[in-house]
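Enquirer: Okay, here's the prediction I keep looking at, along with the sequence it came from:
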Amino acid sequence: QKEVEQNSGPLSVPEGAIASLNCTYSDRGSQSFFWYRQYSGKSPELIMSIYSNGDKEDGRFTAQLNKASQYVSLLIRDSQPSDSATYLCAVKGDYKLSFGAGTTVTVRA
Amino acid sequence: EAGVVQSPRYKIIEKKQPVAFWCNPISGHNTLYWYLQNLGQGPELLIRYENEEAVDDSQLPKDRFSAERLKGVDSTLKIQPAELGDSAVYLCASSPSTSGGGNNEQFFGPGTRLTVL
């Protein structure tokens, strides 16, 4: 079993819709959770961090964490063409950051 | 504030040749990471430094890969000799010190895309 698993994608959503990305992790002791956005040919860019159960909102992005279910998600509201990218879920144990393979999102104009 | 700097951005070499990548972290960040990213995959940690000490190199293929961070600031990752399967993007990231754990966020440089022919 992989440490961090994400929807296989790709995910195609119309402009203005909500994109929902899911991630599960295997290490129950994980304490920190991150979402990175990676445009094609570019490096990962940190867009959200979440450390406690519940929701965290930042602009059009909402991260949701449920440690009991070992599940973290990212919602992108009012999706824009500029949101088209691969979204990487990353989970931090003691020191190591483990990444999922990413979900590619395409926002259709 | 400048971000993580890496060079070169692209490198094409023939197999069995040596290659080196350089990284300068964000100023004040004591922790430096080297990752490898294959197409369609997430980054995979190769080595983590706390200042000049390599505190986690368990995933570094030590028969051909080496790294150093002599003064605890910039770092060099070397492959000698390179193999076809080493073609990938090599990413450097940095964060404030992770001593004692903590939630320190990691920030990535632009990466070096290596092609081994």
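Expert: The structure has been received and is ready for your questions.
Enquirer: Are stretch B:66-85 and chain A in contact anywhere?
Expert: No - using Cβ under 8 Å from any Cβ of the partner chain, stretch B:66-85 never reaches chain A; the gap is at least 15.2 Å. Every residue, glycine included, has its C-beta placed from N, CA and C.
Enquirer: which residue does chain A bring closest to chain B?
Expert: Of all residues in chain A, A:F99 sits closest to chain B, at 2.9 Å by Cβ to the nearest Cβ.
Enquirer: And for the residue in chain B that chain A sits nearest to, the neighbour number?
Expert: At 2.9 Å from chain A, B:G42 is the closest residue in chain B, using Cβ to the nearest Cβ. Neighbours of B:G42 under the rule other Cβ atoms under 10 Å in any protein chain shown: 24.
Enquirer: A:V13 now?
Expert: 17.
Enquirer: wait, it sits on A:R108?
Expert: Yes - A:V13 lies in contact with A:R108 (Cβ atoms under 8 Å); the separation is 7.0 Å.
Enquirer: Can you give me the neighbour number for residue 24?
Expert: Picking chain A for this. Using other Cβ under 10 Å: A:T24 sits among 20 other residues.
Enquirer: that's the wrong chain, I wanted chain B
Expert: 18.
Enquirer: mind checking the SS state of B:G85?
Expert: helix (DSSP: H, G, I helix; E, B strand; the rest coil).
Enquirer: how near is it to B:K15?
Expert: 9 Å (Cβ to Cβ, to the nearest Å).
Enquirer: More neighbours: which of those two?
Expert: More crowded of B:G85 and B:K15, by other Cβ under 10 Å: B:K15, with 13 against 9.
Enquirer: can I assume A:D55 sits in a strand?
Expert: Yes - counting by three-state DSSP, A:D55 falls inside a strand.
Enquirer: Which strand residues bridge it?
Expert: A:Q64 (DSSP bridges).
Enquirer: From the contact counts, what lies against the helix or strand of chain B with the lowest mean pLDDT?
Expert: The weakest-scoring helix or strand in chain B, judged by mean pLDDT, DSSP states H and E, is strand B:53-56 (a mean of 92). On a contact count with 3 or more Cβ pairs under 8 Å, 6 or more residues apart in numbering or on different chains; DSSP states H and E, strand B:53-56 meets strand B:44-50.
Enquirer: Could you list the paired strands of the strand it packs on along with their orientation?
Expert: strand B:31-37 (antiparallel), strand B:53-56 (antiparallel).
Enquirer: Let me see the contact set for the residue of chain A closest to chain B.
Expert: Listed by Cβ atoms under 8 Å, 6 or more residues apart in numbering or on different chains, the contact set of A:F99 reads A:4, A:36, A:88-90, B:42-44.
Enquirer: Now it, what are its backbone angles?
Expert: phi -110, psi 150 (degrees, to the nearest 10).
Enquirer: With adjacent residues omitted, what lies nearest to it?
Expert: B:G42 (2.9 Å; Cβ to Cβ, 6 or more residues apart in numbering or on different chains).
Enquirer: same thing with B:S66?
Expert: Using Cβ to Cβ, 6+ apart, the nearest residue to B:S66 is B:K78, at 4.9 Å.
Enquirer: Quick check: beta-bridge partners of the residue of chain A closest to chain B?
Expert: The partner residues for A:F99, given DSSP bridges, come to A:A90.
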